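**Student:** give me the fold of what follows.
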Amino acid sequence: MLNKIISGIALLGLAGTVSAQEVVVKIGHSGPLSGSQSFSGKDNENGVRLAIEELNAKPITVGGKKVKFELVSEDDQGDPKSGVNAAQKLIDSGVKFVVGPYNSGVTIPASRVYNEGGAVVATVASNPKVTEQGYKNLYRINASDSQLGGKMALYAAKELKLKNVAVIDDRTAYGQGVAEEFKKQAKASGLNVVAHEFTTDKASDFSTILTSLKAKKAEAIFFGGYAPQAGPMARQMKQLGLTAKLLGGDTVCVAETAKLGGDAVGDNVLCAQGGAILDKAAAGPEFKSKYKKRFNQEPDVYAASFYDGMMLYANAMKGSNSTDAAKVGAEIAKTSYKGVAGTYAFDAKGNMKQSPVTIFNFKNGQPAPLTSY
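**Tutor:** From the prediction side, this is the model:
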């Protein structure tokens with residue numbers, strides 16, 4: 001009996017030694033895990049999860065201790081108020097590193113909460129205002145609206161050789177931002193913007209707007225908004241006999257657009273997405289294979305970027321030999337990290353110094369890359 005007690009004490013001591021050699025770091029994720037954009041939120045979350053599982057399988061060592069990462073994911077519903085609440089929940093649970101949010105309208109108000117909580121944030125939110133707020137450890141790991149909207153306008157002018165274009169935006173921070181950048185570059189490129197119409201991110205009937213634009217002979221319509229509206233919009237354009245191309249930003253570059261638009265979505269729908277063509281990126285095919293094996297589906301728009309965001313944190317922890325948020329953030333600011341979707345080096349505001357943009361159309365219900373700008 002005494003031997004058993006001694007053995008038990010020894011095992012307890014051993015357990016204490018093992019845990020003392022390990023540090024647990026919580027990684028927060030905020031995204032739309034419910035509602036019409038949940039397909040994107042879950043895809044992004046999967047990207048973070050895949051990175052964490054790989055890192056935990058082969059732990060990094062920081063400050064002499066192995067690091068175990070824990071994912072804490074919150075559903076911000078793509079809604080600003082819910083996003084602020086999600087941010088507060090993550091901060092209250094001790095999260096100091098966040099990958100997300102996905103939506104600009106969520107990121108802009110939530111980033112104040114993350115800043116006050118001392119967290120480092122890596123977001124794909126593209127509205128320029130995100131990084132104009134002056135928060136030190138807020139990094140945009142994707143192209144901005146000026147790059148997405150601007151390069152789609154350049155493609156429309158130089159490659160499609162269009163003359164008359166129209167703009168519709170859904171009045172969200174993202175939709176409005178990317179639409180304004182498209183319009184600015186379109187005018188600078190000599191395109192005639194015949195109209196700028198407005199809808200919402202809850203709308204489903206665009207027939208009145210589209211009929212008006214048909215009368216104005218728009219050759220293309222740039223839609224600043226999300227797939228749940230873009231798909232039905234393409235379908236209604238076909239029903240009205242409107243032969244204009246439908247253009248959009250990164251949130252249109254998803255299979256959901258084709259799923260909702262059916263046979264109305266093909267090479268007539270084009271969109272701009274941050275990052276190089278994944279199939280041509282050095283680590284792209286391997287990432288796609290790993291993702292599909294783990295989740296039994298193809299990665300969508302930003303799975304690779306969210307995966308990279310997590311790996312960016314791990315790389316900076318190794319580089320700074322610390323899991324302290326301030327030290328890790330400082331390491332990210334001064335170094336460069338080559339990921340799957342791009343090379344992450346940031347300017348003083350937290351924007352990527354270089355972010356390629358890829359133009360897509362649709363084939364067989366999937367976004368198909370055409371060229372990188």
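**Student:** wait, what's in contact with Gly350?
**Tutor:** 131, 135, 137-140 (CB atoms under 8 Å, 6 or more residues apart in numbering). C-betas here are computed from N, CA, C, even on glycine.
**Student:** same question, Ser104
**Tutor:** Ser104 touches 125-127, 129-130, 145, 172-174, 177, counting by CB under 8 Å, 6+ apart.
**Student:** could I get the buried residue list for the host helix or strand of Ala195?
**Tutor:** Taking DSSP states H and E as the criterion, Ala195 maps to strand 192-198. Applying a neighbour-count criterion of 16 or more other CB atoms under 10 Å, one finds 193-195, 197 buried in strand 192-198.
**Student:** and stretch 44-61, by the same measure?
**Tutor:** Buried, per 16+ other CB under 10 Å, within stretch 44-61: 44-52, 54-55, 60.
**Student:** returning to what we had before: out of the contacts of Gly350, which is most surrounded?
**Tutor:** Highest neighbour count within the contacts of Gly350, by other CB atoms under 10 Å: Arg140, with 26 neighbours.
**Student:** which non-adjacent residue is nearest the residue nearest the centre of the chain?
**Tutor:** Among the residues of the chain, Val124 comes closest to the average C-alpha position under CA atoms, centre = their mean, at 3.7 Å. Leaving aside its chain neighbours, Val124 sits nearest to Asn142 (4.1 Å; criterion: CB to CB, 6 or more residues apart in numbering).
**Student:** so Tyr114 sits right up against Thr123, yeah?
**Tutor:** No: Tyr114 is beyond contact range of Thr123, at 9.5 Å (criterion: CB atoms under 8 Å).
**Student:** farthest pair within the contacts of Ser104?
**Tutor:** For these, the farthest-apart pair by CB to CB is Val130 and Thr172; their separation is 13.1 Å.
**Student:** between these two, which one's more packed in?
**Tutor:** Val130 (28 against 22).
**Student:** from Gly248, how far out is that one?
**Tutor:** 19 Å (CB to CB, to the nearest Å).
**Student:** pretty sure the residue nearest to the centre of the chain contacts Tyr102?
**Tutor:** Yes: contact between Val124 and Tyr102 holds when scored by CB under 8 Å: they sit 6.3 Å apart.
**Student:** list residues touching both of these two?
**Tutor:** In contact with both Val124 and Tyr102: 44, 302, using CB under 8 Å, 6+ apart.
**Student:** so, low pLDDT: which residues of the stretch 51-200 of the chain?
**Tutor:** Within the stretch 51-200 of the chain, no range satisfies pLDDT under 70.
**Student:** show me where it has its strands.
**Tutor:** All strands of the stretch 51-200 of the chain, identified by DSSP state E, counting those that start in this stretch, fall at 61-62, 65-75, 97-99, 120-123, 138-140, 164-169, 192-198.
**Student:** show me what the last one is packed against.
**Tutor:** Pointing back at strand 192-198 there. strand 164-169, helix 173-188, helix 207-215 (3 or more CB pairs under 8 Å, 6 or more residues apart in numbering; DSSP states H and E).
**Student:** turn the ones you listed into CSV, columns for mean neighbour count and distance to Thr323.
**Tutor:** Output for the helices and strands packed on strand 192-198, formatted as CSV (neighbours: other CB atoms under 10 Å; distance: least, CB to CB, whole Å):
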stretch, mean neighbour count, distance to Thr323
strand 164-169, 24, 41
helix 173-188, 23, 32
helix 207-215, 16, 50
